[in-house]
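In: from the sequence below, what's the structure:
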Amino acid sequence: MNNTKQTMLDQVTLVDKHDRVLGVMNKIEAHRGAGVLHRAISVFLFRKLEDQTELLLQQRSSKKIVGAGQWANTVCGNVQPTENYFECARRRLREELGIVDPELVLQPGAKFRYQVVCNEEFGENELDQVFIGWYDGEVVPNPEEVQAVEWLTFDKKSPTKILEQKRADEWAVWFELGLNHVVLKERGE
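Out: As a prediction, the model looks like this:
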């Protein structure tokens, strides 16, 4: 990969609170301290198993600068300067979990802003576009991105109930925030 292309891959899209593009910044620098507001995506993939709904979760790689080793939604990622929210969601599904199903429909959900301190050095400051989909195909985690995956029971009437299935310190700090923006419709509705 040439240096120019790699440089673009290492950048995030900076925005204001109204999602107007302000510029680009190196991904690491955008996450230092309290972070600089940038575009991001969060994908939540569901499946039906018998009479229950399950959500695909990932345990993030220990190499991540934020949320290392913690459990989070199916995938998340920073929108690069050369892509839109939807393209970023598709890219992260492919890069993190090997999901390239052209039949997979991703429905845009809410877009919300949040800012959290993740550790002593890094934080998140994101305008996050949620995508929701139904998927029951193969998942091939990339060990550079993901330590493990797990399907957990999801109660659409009480989405945050899923948090009871692991210790509080096992969840990425943004996961509960994202859950509060998931409106799950049954497949085919």
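In: show me the strands in the protein, by range?
Out: 11-15, 21-26, 38-49, 52-60, 71-72, 75-78, 107-117, 123-134, 146-154 (DSSP state E).
In: how far out from the middle of the chain is the fifth one?
Out: Translated: strand 71-72. Averaged C-alpha coordinates place strand 71-72 at 9 Å from its chain's average position (C-alpha atoms, centre = their mean, to the nearest Å).
In: same for it, what does it pack against?
Out: Applying 3 or more C-beta pairs under 8 Å, 6 or more residues apart in numbering; DSSP states H and E, we find strand 71-72 packed against strand 52-60. C-beta: built from backbone N, CA, C; applies to glycine.
In: show me the contact partners of the strand it packs on.
Out: By C-beta atoms under 8 Å, 6 or more residues apart in numbering, the surrounding residues in contact with strand 52-60 are 44-48, 67-75, 96-97, 135, 139, 141, 145-156, 162, 172, 184.
In: if any of those are buried, give me the ChimeraX selection for them.
Out: Buried residues among the contacts of strand 52-60 (16 or more other C-beta atoms under 10 Å), as a ChimeraX selection:
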select :44,45,46,47,67,68,70,71,72,73,74,75,96,97,135,139,141,145,146,147,149,151,154,162,172,184
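In: how close does residue 106 get to residue 17?
Out: For residue 106, the distance to residue 17 (C-beta to C-beta, to the nearest Å) stands at 24 Å.
In: give me the spatial nearest neighbour of the most centrally placed residue in the chain, chain neighbours excluded.
Out: Closest residue to the average C-alpha location of the chain: residue 76 at 1.7 Å, with C-alpha atoms, centre = their mean. Once flanking residues are discounted, residue 76 sits nearest to residue 42: 4.7 Å by C-beta to C-beta, 6 or more residues apart in numbering.
In: contacting residues around the one you found?
Out: Listed by C-beta under 8 Å, 6+ apart, the contact set of residue 42 reads 73, 75-76, 128-131, 174, 178.
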